[in-house]
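Participant: Got a sequence here, can you model it:
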Amino acid sequence: MHFVQRLALLIPTGLTFLVQAAEPAGNQIRCDPAFYGPLLRVDQPSDINELNGGLVETDFRYMRNRNDHESGPLLSGKELADRHRLICKKAEKCFFESGALFHQANNPTLNDPLAFLLPPNWVTAAAMARPPVPLYVPREVNADGQWSAISKEQMFGSFPASNYLYRLAASPLAADPSKVRNVRASLQYLANYTRRLAEAYQRGGENSVLQTGAEIISQTDDAYLGREMRKNKAIVLAVTNPGPAELAEGKGLGLPNRQVPPDLLRRIQNAVIGERLRHGDVALERWNIADPNQRKHMMGVLRDLVPTGSQDSKLWIWVNGPLQPNAVFVGENATRYMNDLISEINQYNRTTTGPKIDMSRVRFLSKPLVELPKDPSAQIAFADSTINSYRNLCLATVDFKVNPATARRIFGTLPSAQKTLTAR
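Facilitator: Numbers count the residues shown, from 1 in each chain. A predicted model of the protein is given here:
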């Protein structure tokens, strides 16, 4: 049986629901038991040929190449979008990074833009400006003289300026025709978005800015992936809890070197992520759940975005233990701390007088990845043990960093690796 096929359960669905709804005894944890099978990595174009279902994560850096391990020529924006749609079509669910100016499918220098993303923290910049000044760029991509005549301050207005993009945009086309043209076209997209944000402020102030920004971002998700693919397959991945290095990269909702009031950040989060959830699943990274302050912050996010009584999509939360300073996902994974986290959520749901957290809409994914033994003869037993422990800890998948072909070899006949009936 293929490892992504559903595993037939002996317990009837109704009885399963009653078991889930019961109060946990002692240290028993209660959560939605959905399990999607091991996470698959589609990091090279050839991996797509082997893909047939499963929960998939991909790497934009390599998907831009026409063939494996090539540096060029790169795909066009439309070709790249078609490739991402194909990955999502062949997957059960696919993570799709779309959270910052340089962390999206459309790299502003490497690809001609297609449904270019409005960076979420640009909504913050617009809300802070009162009134926001939009980007100013020429209408013609080929007008070298007009592009070089604009200062950086004029070009970016109230929004986060990029020295790198400005230098490229102001360079003559002959210097690097592809990159200069891509940057200028990307900035034209952003100029249009920022004009809409400025108009929204004139119509209705800050609340109108937040609503318009959230709508623009969700509309670009739909336009890039296709409406049905976004609703049923794609899990848009964004950052709402960035570290200092990620904040400097433009990830998250905050602004580098600026203090944003916490209440404003919360309202922007609820507007932007809330609207994205109405269009499909969303994944947020990342919380060190060994840290009480980070757990508290994450609980607040769950209360705001997935309260009981709402009918929107699933919210995936990327969790970890303590990580090495200045390293992304290098350190301890979340397994040691999951019991306490789920118990804390259950305790909150039992005692709150307000809306509860709807755990049927929450999916937890633990990072860093789990290294398989180098000895092939030990891999199956190790994987079986690891998968069972992750399932018992309310984790929706295990990241072994394996591509579809390797996963089929290791997990193809492993009962623990099969997706549960409740996974959706």
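Participant: what mean pLDDT does stretch 206-225 have?
Facilitator: When pLDDT is averaged over stretch 206-225, the result is 97.
Participant: C-alpha coordinates for it, CSV please?
Facilitator: These are the backbone C-alpha positions of stretch 206-225, laid out as CSV (Å, rounded to 0.1, in the frame of the first residue of the first chain):
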residue,chain,number,x,y,z
GLU,A,206,-6.0,52.7,9.6
ASN,A,207,-8.7,50.0,9.6
SER,A,208,-9.2,50.5,5.9
VAL,A,209,-5.4,50.1,5.3
LEU,A,210,-5.4,46.8,7.3
GLN,A,211,-8.4,45.4,5.4
THR,A,212,-7.0,46.5,2.0
GLY,A,213,-3.6,45.1,2.7
ALA,A,214,-5.0,41.8,3.8
GLU,A,215,-7.1,41.5,0.7
ILE,A,216,-4.2,42.3,-1.6
ILE,A,217,-2.1,39.6,0.0
SER,A,218,-4.8,37.0,-0.2
GLN,A,219,-5.7,37.9,-3.7
THR,A,220,-2.1,37.4,-4.8
ASP,A,221,-2.0,34.0,-3.2
ASP,A,222,-5.1,33.0,-5.2
ALA,A,223,-3.7,34.5,-8.4
TYR,A,224,-0.4,32.7,-8.2
LEU,A,225,-1.6,29.3,-7.2
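Participant: can you list contacts of that stretch?
Facilitator: Residues outside stretch 206-225 that contact it (C-beta atoms under 8 Å, 6 or more residues apart in numbering): 81, 84-85, 88, 96, 98, 105-106, 114-118, 120, 122-123, 126-127, 130, 132, 193, 196-197, 200-201, 204, 230, 233-234, 236, 267-268, 271-272, 274-276, 278-280. From N, CA and C alone the C-beta is placed, and that goes for glycine too.
Participant: Let's see that with 7 Å instead.
Facilitator: Stretch 206-225 is contacted by residues 81, 84-85, 88, 96, 98, 105, 114-118, 120, 123, 126-127, 193, 196-197, 200-201, 230, 234, 236, 267-268, 271-272, 275-276, 279 when judged by C-beta atoms under 7 Å, 6 or more residues apart in numbering.
Participant: check contacts around F364.
Facilitator: Counted by C-beta under 7 Å, 6+ apart, F364 has contacts 317, 319, 394-396.
Participant: ditto for N349
Facilitator: 356-357.
Participant: which stretch of helix or strand covers it?
Facilitator: Element membership for N349 (DSSP states H and E) is helix 338-351.
Participant: Check I317 too.
Facilitator: Using DSSP H and E, I317 maps to strand 315-320.
Participant: Give me the below-cutoff pLDDT ranges for this structure.
Facilitator: Within the chain, the stretches with pLDDT under 70 are 1-30, 327-328, 421-424.
Participant: from the contacts of stretch 206-225, which would you call buried?
Facilitator: For these, a burial check counting by 16 or more other C-beta atoms under 10 Å picks out 81, 84-85, 88, 96, 98, 105, 114-118, 120, 123, 126-127, 193, 196-197, 200-201, 230, 234, 236, 267-268, 271-272, 275-276, 279.
Participant: how about the helices of the stretch 101-250 of the chain, start to end?
Facilitator: Assigned by DSSP state H, counting those that start in this stretch, the stretch 101-250 of the chain shows helices spanning 120-129, 144-148, 152-156, 163-170, 177-225, 227-232, 244-248.
Participant: Please identify the most buried of these.
Facilitator: Among those, helix 120-129 has the highest mean neighbour count (mean count of other C-beta atoms under 10 Å), at a mean of 25.
Participant: can you map out the helices along the stretch 251-400 of the chain?
Facilitator: Going by DSSP H, counting those that start in this stretch, the stretch 251-400 of the chain shows helices at 262-279, 292-305, 338-351, 376-392.
Participant: Out of those, the one nearest E57 is which?
Facilitator: Among the helices of the stretch 251-400 of the chain, the nearest to E57 by C-beta to C-beta is helix 376-392 (15.8 Å).
Participant: Flag every buried residue along the closest one.
Facilitator: For helix 376-392, by 16+ other C-beta under 10 Å, it's 379-380, 382-384, 386-387, 390-391.
Participant: ok, so of the residues you listed, who is nearest L305?
Facilitator: Taking those together and measuring to L305 by C-beta to C-beta, the closest member is Y390, at 23.6 Å.
Participant: And the closest one, how close does it get to A334?
Facilitator: Separation of Y390 from A334 (C-beta to C-beta, to the nearest Å): 10 Å.
Participant: cool, V402 as well?
Facilitator: Taken as C-beta to C-beta, the span from V402 to A334 is 19 Å.
Participant: For those two, indicate the residue with more neighbours.
Facilitator: A334 (25 against 21; other C-beta atoms under 10 Å).
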